[in-house]
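**Q** Predicted model follows, preceded by the sequence.
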Amino acid sequence: MVSNDAASRLSSRARPAVSDRSTPERPRGLSRRRALTLPPAIAALVTLGGCGILGGSAQAQAYDTDATHREVPLEDVPGAPDAAAACAALSESLLRFRLGEEPGGNVLNCPVGTALAVALLYAGSASPADGVDALLGVATDAGAGADADHVRDLTWSALQNALLSKDPSDAQLDNFNPEQIPDTPLLHIANRVLLVGDNPAVEQSYLDAARQWYAATTEHATRRRAKAALDAWAKRHTGGLIESSGIEITGNTRLVLQNALLFAAGWASPFTADDTIGDDFTLSDGTTATAQFMHDKRLLPYAQGEGWRAVRLQYAEGSGSTVMDVILPDSGTTPAQLPEGTWTAASAALDAVAYEQRREVRLALPTLDLQPGAVDLLAFLEAQGITLDSLEHIGEDLVVDQAVQQVRLIVKEEGTVAGALTEVSVTELAAAPEEDESITFTVDHPYVVRVFDQLTGLVLIEGIVMDPSPQGQ
C-alpha cells in the first residue's frame, strides 16, 4: 500500500473528485513527475471493483491526461505509403513464419494491429529498439520542423486516423452481433494502456504521447482484477469475436497495451445461400476435405501472374476503400511457395484494373469461420532480429515479456466479419484467358485472403487458408 507521504506528493489532478454517492469516484491524471503511485482512497475504490470506463464489471478505473488526440491528415504524411508497404511485408513475413511452425494449418494475422501495437509501445520515444522504425516503414530522417522527432508517431497516427471514418458509435459497438452483418459497414480500431498493480511507476509523458498520437485510453487495475479488465475490454472492442485476453498477468506485470480491430461489412452483391453447396477442397498433402462453397457469376476485377490468379470482391456502399482480394496459386502450389512479394503484387495488379476491364467470373468461394489461436509475436520478432527493449520512455527497468495476437475471420454469403486483438505486456526485470470468355475461379486448394484498404494501402486482415472445412476451422 502507498504511504500517506507518497500520496501527498501526487498532484491534485491525481486525486479523486467529489461525486455523488451513486457514482464511483473517478481519478483524473497522474503526477506530472513519474506516474503512478495510487492514492489509498483510489486504490481501495478499485479494489472494490467500482465502475470504470467500460462500465459495471470492467474492474478498471479510467485516468485522464492533459493530452488530447491529434488528428493527423493522411495527406500531410508523405511517408505513409512506405509505412503501408512495410506493414504488408510484415504480414507476409509473419504468415510465412507461422506456416513454418505449423505446416498445413490455417494461419491468420492482423498486420495493422501488430504495427499499431509496436508503434504504441514506442509512443513519444526518440530512441526505439533497433529495427523498430524499419519494421514500421519509417524513415527517421524524414521529419522537418517541430515534428522532426515524431515521424513514426505522425505516420502511424495518420494511417490510424484514415481508417476511422467508419468507426461505429458506442451504441453500435455495444449492440454488435457477430452473427449479423450490419446494414452500415464498420471498421473499429481502439488502443488502451492498462496500468497494473499499486505502483506501476510509468512516465506520465508516455501516457500523454499514447493519447496524443494513438487515441489510447489509460486505465488502472489491481493485479488481482487486471485479467478481468483485459478480458472485458477485448470482448467489447472486438464485438465479442475475441472473448478473452491472451496475456498472463504475473507478479511483475506493470502495464499491458491492447489494440483491437473490428471489421464488418456486407458484400456489394451478396451470395445466395441456396447456391452454397459442399464440395472437395484439395489440401496441401493431396488429400481432400469437404468445404461449403458459395457460387455466383459476376463481373470482377481479375488479374493473373506467374503461378497465380486473383479476383477482388467489393463490399457494400459505405465500406469506403475496403475490399477483399482472393489470390489463388496454380494447382499443386501452396501460397507459401509463391515468391515473396507476390501477394502484394497481386493486390497492386487488381488496383490497376479499370472498371470497364472487369471480367466475368464464375466464382466458387469457401465460407469461413477461422480462429487459429493465439500467435506469439515475440518469437516472430526475435526471428526478424528485433528485441522490444529500450523502454526508458515508459519507465525504469522494463522489458516486454509477452506479445500476443488473436484473430477471427468469418466469410459467409452476406459478407465478412473480422476481429483482432493484439497485446503487449510490459514487466519489471526480475531477477490470361480470351477477353470474351468467362473465367472459372474455383478456390478448391490452399489460398491467400486479404482484407485490404485501398486508400491507405494497409492490409487489415490477411491469412492463408489451408483447410476451410469445418474440421479445419
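**A** Noted; the coordinates are in hand.
**Q** which residues touch Pro270?
**A** Glu413, Glu414, Gly415 (Cβ atoms under 8 Å, 6 or more residues apart in numbering). Quick note: C-beta positions are derived from backbone N, CA and C, even for glycine.
**Q** and if you look at Ala115?
**A** Taking Cβ under 8 Å, 6+ apart as the criterion, Ala115 is in contact with Ala83, Ala86, Cys87, Leu90, Leu135, Leu136, Trp156.
**Q** okay, which residue is most central for the protein?
**A** The residue lying closest to the centre of the chain (Cα atoms, centre = their mean) is Gly113, at 2.5 Å.
**Q** That one reaches Gln405, doesn't it?
**A** Yes: between Gly113 and Gln405 there is a contact under Cβ atoms under 8 Å: 6.5 Å.
**Q** quick revisit: Throw the contacts of Ala115 into TSV and include neighbour count and secondary structure, thanks.
**A** Listed next are those as TSV, based on neighbours: other Cβ atoms under 10 Å; DSSP: H, G, I helix; E, B strand; the rest coil:
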residue	neighbour count	secondary structure
Ala83	25	helix
Ala86	20	helix
Cys87	25	helix
Leu90	23	helix
Leu135	22	helix
Leu136	24	coil
Trp156	28	helix
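**Q** quick one: which of the residues you listed is nearest to Thr333?
**A** Nearest to Thr333 among these is Leu90, at 23.4 Å by Cβ to Cβ.
**Q** Which residue is the nearest non-sequential neighbour of the closest one?
**A** Pro111 (5.4 Å; Cβ to Cβ, 6 or more residues apart in numbering).
**Q** Around the one you found, how many other residues sit close by?
**A** Burial of Pro111 is recorded as 27 neighbouring residues (other Cβ atoms under 10 Å).
**Q** before we move on, the earlier item: give the intersection of the neighbour lists for Gly113 and Gln405.
**A** Residues touching both Gly113 and Gln405 by Cβ under 8 Å, 6+ apart: Ala420, Leu421, Thr422.
**Q** if we can go back for a sec, ok, the residue nearest to the centre of the chain - contacts?
**A** Taking Cβ under 8 Å, 6+ apart, we find Gly113 in contact with Asn259, Ala260, Leu261, Gln405, Ala420, Leu421, Thr422.
**Q** just Cys110 next, same as before
**A** If a contact means Cβ under 8 Å, 6+ apart, then Cys110 has Leu261, Gln405, Val407, Ala420, Thr422, Leu460, Ile461 as its contacts.
**Q** how about the spatially closest residue to it that is not a sequence neighbour, phi and psi?
**A** Closest residue to Cys110 apart from its sequence neighbours, by Cβ to Cβ, 6+ apart: Ala420 at 3.4 Å. Here is the backbone geometry of Ala420 (degrees, to the nearest 10): phi -140, psi 140.
**Q** my read: Ala420 touches Gln405, true?
**A** Yes: between Ala420 and Gln405 a contact is recorded at 6.7 Å, counting by Cβ under 8 Å.
**Q** low-confidence ranges in this structure?
**A** 1-58, 64, 140-148, 431-436 (pLDDT under 70).
**Q** can you do 50?
**A** Residue ranges of the chain with pLDDT under 50: 1-57, 432-433.
**Q** which residues in it form helices?
**A** 4-8, 40-47, 80-101, 111-121, 132-135, 151-163, 170-174, 204-214, 226-237, 342-351, 377-383 (DSSP state H).
**Q** okay if I get those as a markdown table plus distance to Leu391?
**A** As requested, these are exported to a markdown table (distance: least, Cβ to Cβ, whole Å):
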| stretch | distance to Leu391 |
| --- | --- |
| helix 4-8 | 23 |
| helix 40-47 | 25 |
| helix 80-101 | 21 |
| helix 111-121 | 8 |
| helix 132-135 | 11 |
| helix 151-163 | 15 |
| helix 170-174 | 31 |
| helix 204-214 | 9 |
| helix 226-237 | 19 |
| helix 342-351 | 32 |
| helix 377-383 | 14 |
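**Q** winner for burial among those?
**A** helix 111-121 (a mean of 27; mean count of other Cβ atoms under 10 Å).
**Q** who's in contact with stretch 247-256?
**A** With contact meaning Cβ under 8 Å, 6+ apart, stretch 247-256 is reached by 193-197, 200-202, 223, 226-227, 230, 245, 394-395, 398, 401-402, 404, 423-430.
**Q** So which of those residues sit within strands?
**A** Applying DSSP state E to the contacts of stretch 247-256, the entries found in strands are 193-196, 201-202, 398, 401-402, 404, 423-428.
**Q** Quote the end-to-end distance of stretch 232-247.
**A** End-to-end distance for stretch 232-247, by Cα to Cα, to the nearest Å: 13 Å.
**Q** next one: that stretch to chain centre, how far?
**A** Distance of stretch 232-247 from the chain centroid (Cα atoms, centre = their mean, to the nearest Å) equals 12 Å.
**Q** all numbers from here: first residue = 52
**A** Let's use 52 as the start, then, which means that last one is stretch 283-298.
**Q** circling back to that earlier point, so which of the contacts of Gly164 is surrounded by the most neighbours?
**A** Leu472 (31 neighbours).
**Q** Just give the closest residue to that one, not the sequence neighbours.
**A** Ile293 (4.3 Å).
**Q** Can you give me the neighbour number for the one you found?
**A** 24.
**Q** Let me have the contacts of Cys161 in JSON lines, adding distance to Leu306 as columns.
**A** Converted to JSON lines, the contacts of Cys161 look like this (distance: Cβ to Cβ, whole Å):
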{"residue": "Leu312", "distance to Leu306": "21"}
{"residue": "Gln456", "distance to Leu306": "18"}
{"residue": "Val458", "distance to Leu306": "23"}
{"residue": "Ala471", "distance to Leu306": "20"}
{"residue": "Thr473", "distance to Leu306": "15"}
{"residue": "Leu511", "distance to Leu306": "26"}
{"residue": "Ile512", "distance to Leu306": "27"}
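**Q** Out of the residues you listed, which two sit at the greatest distance?
**A** Gln456 and Leu511 (13.2 Å).
**Q** Ala399: which of the contacts of Cys161 is nearest?
**A** When those are ranked by distance to Ala399 (Cβ to Cβ), Leu511 comes first, at 16.6 Å.
**Q** which residue packs closest to that closest one, ignoring adjacent ones?
**A** Nearest non-adjacent residue to Leu511, counting by Cβ to Cβ, 6+ apart: Val502, 4.4 Å away.
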